[in-house]
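Chemist: All I have is the shape, not the residue letters:
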């Protein structure tokens, strides 16, 4: 009996917590800063995945959620709203800083790759100033020609 009572109490607590989670989700999605939060989150995802996102589709979803939540007439205490304001502001700031931190090494890597590409192009230039279009390395052709011509001289 005691086990069943504990299980029932646990289930009731989960229902209460689940209901609180839903209320919190609705408050967050109805918050005026929600759009900024989503944009900051997507900015991080774009840097990390380097994938193009359909911004118009995402903005439409945000507007739809804002309309849905405003039609629900979410009312909350000023202290809860104030705490939520601080949370949303801090979370947006953290996401922006994360995006910057992710972009920096990526930009450094791209600069290095571009520099190496330029140096390789300079190395591949022939004496006439045209890039070598052959797939073979220039040194093996030059070495083979030099060794065959030196063999004819003897």
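Modeler: Everything's here; your move. Just so we're clear, the structure is a prediction, and the values are computed from it rather than from any experiment.

Chemist: model confidence over the longest helix anywhere in the chain, on average?
Modeler: Scanning the chain for the helix with the most residues, using DSSP state H, yields helix 78-123. Averaged across helix 78-123, pLDDT comes to 89.

Chemist: for that helix, packing partners?
Modeler: Contact here means 3 or more C-beta pairs under 8 Å, 6 or more residues apart in numbering; DSSP states H and E; on that basis helix 78-123 packs against helix 2-30, helix 34-49. The C-beta positions use only the backbone N, C-alpha and C, and glycine is treated the same way.

Chemist: now it and helix 34-49, what's the angle there?
Modeler: 30 degrees (axes from the mean of the first three to the mean of the last three C-alpha atoms, to 10 degrees).

Chemist: quick thing: my sequence starts at 472, can you match it?
Modeler: All set: I'll call the first residue 472, so the last point we hit is now helix 549-594.

Chemist: hey, least reliable of the helices and strands packed on helix 549-594 by pLDDT?
Modeler: It's helix 473-501: among the helices and strands packed on helix 549-594, that one has the lowest mean pLDDT, namely a mean of 73.

Chemist: burial count for the closest residue to residue 515 other than its chain neighbours?
Modeler: Excluding the flanking residues, the one nearest residue 515 by C-beta to C-beta, 6 or more residues apart in numbering is residue 570, at 4.9 Å. For residue 570, the count of nearby residues is 19 (other C-beta atoms under 10 Å).

Chemist: Pull up the gap between residue 570 and residue 493, please.
Modeler: From residue 570 over to residue 493 the distance is 29 Å, taken as C-beta to C-beta, to the nearest Å.

Chemist: next one: residue 592
Modeler: According to C-beta to C-beta, residue 592 and residue 493 sit 58 Å apart.

Chemist: again, but for residue 579
Modeler: Per C-beta to C-beta, residue 579 is found 43 Å from residue 493.

Chemist: Check whether residue 570 really touches residue 510, as I assumed.
Modeler: No: applying C-beta atoms under 8 Å as the test, residue 570 and residue 510 come out as separate, 10.3 Å apart.

Chemist: circling back to that earlier point, show me what contacts the residue nearest to residue 515?
Modeler: Counting by C-beta atoms under 8 Å, 6 or more residues apart in numbering, residue 570 touches 511, 514, 515, 518.

Chemist: any idea how far it lies from residue 503?
Modeler: For residue 570 relative to residue 503 (C-beta to C-beta), the value is 21 Å.
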